[in-house]
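Asks: only geometry, no sequence info:
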């Protein structure tokens, strides 16, 4: 059972759930481990230490990605991240004023993007790096029509 599922309020149910795009996860792991490897290889007197540091960095980045949760319930939009220190950002559905999709060049090529929720009171949430963000936005808008008012 996920962190969000364990912490739902009474009568709250998950309607939509997404994860970070596999492409984006892989790209971030490659970039992070490459930087760690290059930096540690140039500093380490024992080259095996740089490989160990690179492996640890790859596991850390991977664990961050698999532990992210992006959920729309019948009451809230919730973004949870973190491995040991867990952080959540959430906004109630009735407070959401707009839902936007942002895609960069790489996101357009690989089919991922960011969904931004703008809420009243200055509360914004971003679901970053999700696959097929346009379709997910349509699903969110359907949920908002049913539960957001």
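Replies: Nice, thanks for sending it over. Values in this document were obtained by computation on a predicted structure and should not be read as measured data.
Asks: Report the buried residues of the helix or strand bottoming out on mean pLDDT in the chain.
Replies: In the chain, no helix or strand scores lower on mean pLDDT, DSSP states H and E than helix 22-43, which sits at a mean of 76. For helix 22-43, burial by neighbour count (16 or more other CB atoms under 10 Å) applies to 23-25, 28-29, 32-33, 36-37, 40. Heads up, the C-betas are built off the backbone N, CA and C, glycines and all.
Asks: what number of residues lie near residue 82?
Replies: By the measure other CB atoms under 10 Å, the count of residues near residue 82 is 13.
Asks: Cross-check the contact I'm expecting between it and residue 67.
Replies: Yes: between residue 82 and residue 67 there is a contact under CB atoms under 8 Å: 6.8 Å.
Asks: now the least confident helix or strand of the chain: how far from the chain's centre is it?
Replies: 19 Å (CA atoms, centre = their mean, to the nearest Å).
Asks: likewise stretch 58-69?
Replies: With CA atoms, centre = their mean as the basis, stretch 58-69 stands 10 Å off its chain's centre.
Asks: and it, what's its mean pLDDT?
Replies: Taken as a whole, stretch 58-69 has a mean pLDDT of 85.
Asks: Residues in contact with that stretch: which ones?
Replies: Applying CB atoms under 8 Å, 6 or more residues apart in numbering, the contact partners of stretch 58-69 are 2-4, 17, 19-20, 25, 28-29, 32-33, 78-83.
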